[in-house]
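Trainee: turn this into a model:
(one chain, ligands or ions: 1)
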Amino acid sequence: MKFLIGLILGILVVPLCLFFYIRSGSAPTAATDAPMPFEKFIARGGLHARIDKEAPQRDVASFTTGDLAAGAEVYQKNCAFCHGLPQQPPSAASKGMFPRAPQLFTADDTVTDDPPGVTYWKVRNGIRLTGMPSFKDALTDQQIWQVSALMARADKLPPDVLLELKPAPLPAILAAPQMETAPVPVTPASDPAKQK
Ligand code: HEC
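Mentor: Alright, predicted model coming up:
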């Protein structure tokens, strides 16, 4: 009898506590909150097991400078916003994310030790419950390998490739604010309904 009461309490009390904890508004839901107990274990443990099972193996040592430059172009357009560029301060977005976006060209954060297949898996599939998107539908398989090869060699890239990873120049209007701009001619509003 005691056992039964204990069992029922156990089954009811734990979910009820969880329910009230979440509804009370104290669960971490902001990007700036500290992690929950076990949050890291649940997120990381599962990810590693999945990647071990699925990551393809490929030697990217034969990738040419042309491949790396193509990877750099992919990186500029799709990744730099979160993961930053060589010799630059951390990207603005990276600072406000939880988990934060690693700065993949800084000594502390590079993934040069990871096999390229692991990076390939992460870029292709994304990392659930983090800001890391899946690029499966945005990039071709070859582009994902090229950017993975770039990541694998992030600490020893040829100068031609580094040139591709310079920050984009400011738009002319911001770069030269002292310049006088001619007034924009005002054209009569075109009403699509009247054009017919
Ligand atoms: C919107 C922001 C965002 C964009 C865009 C983005 N990432 Fe990420 N990425 C993240 C975050 C956040 C993490 C950290 C995930 C975590 O902690 O597990 C991450 C993790 C990674 C990792 C794993 C790093 C490690 O230490 O294991 C790699 C590699 C990576 N991203 C590569 C890329 C590449 C390549 C692109 C572009 C094709 C890209 N990411 C685009 C946010 C982004």
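Trainee: the ligand contacts on the chain?
Mentor: 78-79, 81-83, 97, 99, 101-102, 111, 119, 122-123, 127, 130-133, 135, 147, 151 (Cβ under 6 Å from any ligand atom). (Each C-beta comes from the backbone N, C-alpha and C, glycine too.)
Trainee: out of those residues, which end up buried?
Mentor: 78-79, 82-83, 99, 101-102, 111, 119, 122-123, 127, 131-132, 135, 147, 151 (16 or more other Cβ atoms under 10 Å).
Trainee: mind listing the helices for the chain?
Mentor: With DSSP state H as the criterion, the chain has helices at 2-23, 39-54, 65-78, 80-83, 92-95, 116-125, 141-152, 159-163, 172-175.
Trainee: any low-confidence regions in this structure?
Mentor: Counting by pLDDT under 70, the chain has low-confidence residues at 170-185, 189-196.
Trainee: show me the residue sitting in the middle of it in space.
Mentor: residue 132 (3.4 Å; Cα atoms, centre = their mean).
Trainee: surely residue 149 is in contact with residue 62?
Mentor: No: using Cβ atoms under 8 Å, residue 149 makes no contact with residue 62, being 9.5 Å away.
Trainee: more neighbours: those two, which one.
Mentor: The neighbour comparison of residue 149 against residue 62 (other Cβ atoms under 10 Å) goes to residue 149, with 23 against 8.
Trainee: please report how far that one lies from residue 65.
Mentor: Distance of residue 149 to residue 65, given as Cβ to Cβ, to the nearest Å: 11 Å.
Trainee: again with residue 96
Mentor: 35 Å.
Trainee: what's the closest non-adjacent residue to residue 132?
Mentor: residue 126 (5.2 Å; Cβ to Cβ, 6 or more residues apart in numbering).
Trainee: which ones are touching the one you found?
Mentor: Shown in contact with residue 126 (Cβ atoms under 8 Å, 6 or more residues apart in numbering): 132-136.
Trainee: then residue 145?
Mentor: Contacts of residue 145 (Cβ under 8 Å, 6+ apart): 58, 60, 63, 116, 120.
Trainee: neighbours around the fourth one, how many?
Mentor: By the criterion of other Cβ under 10 Å, residue 116 has 26 neighbours.
Trainee: quick check, it in contact with residue 63.
Mentor: No: look at residue 116 against residue 63 with Cβ under 8 Å: they stay out of range, at 9.0 Å.
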